[in-house]
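okay, here's the prediction I keep looking at, along with the sequence it came from:
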Amino acid sequence: MKKKARVSPRLQPKTTRSMCPICKKARAPRAENKAFPFCSNRCQMVDLSNWLDGNYKIADDVGEFSDRSAPQAQPDPPTFDE
Ligand SMILES: [Zn+2]
């Protein structure tokens, strides 16, 4: 006799399914995403360059930024409030 164990649907941890403001794809949570709030470094660079160019729009030649050894755009180091 087979007793079917009743498996209650596992409640998934609340994942805030947010998306990248640049490519509108799902982005990884901040904890595992250095480029947060973007999905990747590439989108981060796109955003940055958009701002620098003064025309904030989604560039369609994003590929330019892809796997170039672009200088790492590091955000300002965290300031320590004491
Ligand atoms: Zn993105």
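Cool, got the structure.

close to the ion: what parts of this structure are there?
Within the chain, the positions near the ion by CB under 5 Å from the ion are 20, 22-23, 39, 43. To be clear about C-beta, it is placed using only N, CA and C from the backbone, and glycine gets the same treatment.

6 Å - rerun?
Within the chain, the positions adjacent to the ion are 20, 22-23, 25, 38-40, 43 by CB under 6 Å from the ion.

write the PyMOL selection for whichever of the residues you listed are buried.
Of those, the buried ones go into a single PyMOL selection, burial set by 16 or more other CB atoms under 10 Å:
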select buried, resi 20+22+23+38+39+40+43
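
state the pair within the residues of the chain next to the ion that is farthest apart.
25 and 38 (9.8 Å; CB to CB).

now the residues of the chain next to the ion as JSON lines including pLDDT and secondary structure?
Below are the residues of the chain next to the ion laid out as JSON lines (pLDDT from 0 to 100; DSSP: H, G, I helix; E, B strand; the rest coil):
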{"residue": "20", "pLDDT": "94", "secondary structure": "coil"}
{"residue": "22", "pLDDT": "92", "secondary structure": "coil"}
{"residue": "23", "pLDDT": "95", "secondary structure": "coil"}
{"residue": "25", "pLDDT": "93", "secondary structure": "coil"}
{"residue": "38", "pLDDT": "95", "secondary structure": "coil"}
{"residue": "39", "pLDDT": "95", "secondary structure": "coil"}
{"residue": "40", "pLDDT": "95", "secondary structure": "coil"}
{"residue": "43", "pLDDT": "95", "secondary structure": "helix"}
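
ok, so of the residues of the chain next to the ion, who is nearest residue 81?
Taking the residues of the chain next to the ion together and measuring to residue 81 by CB to CB, the closest member is residue 38, at 26.1 Å.
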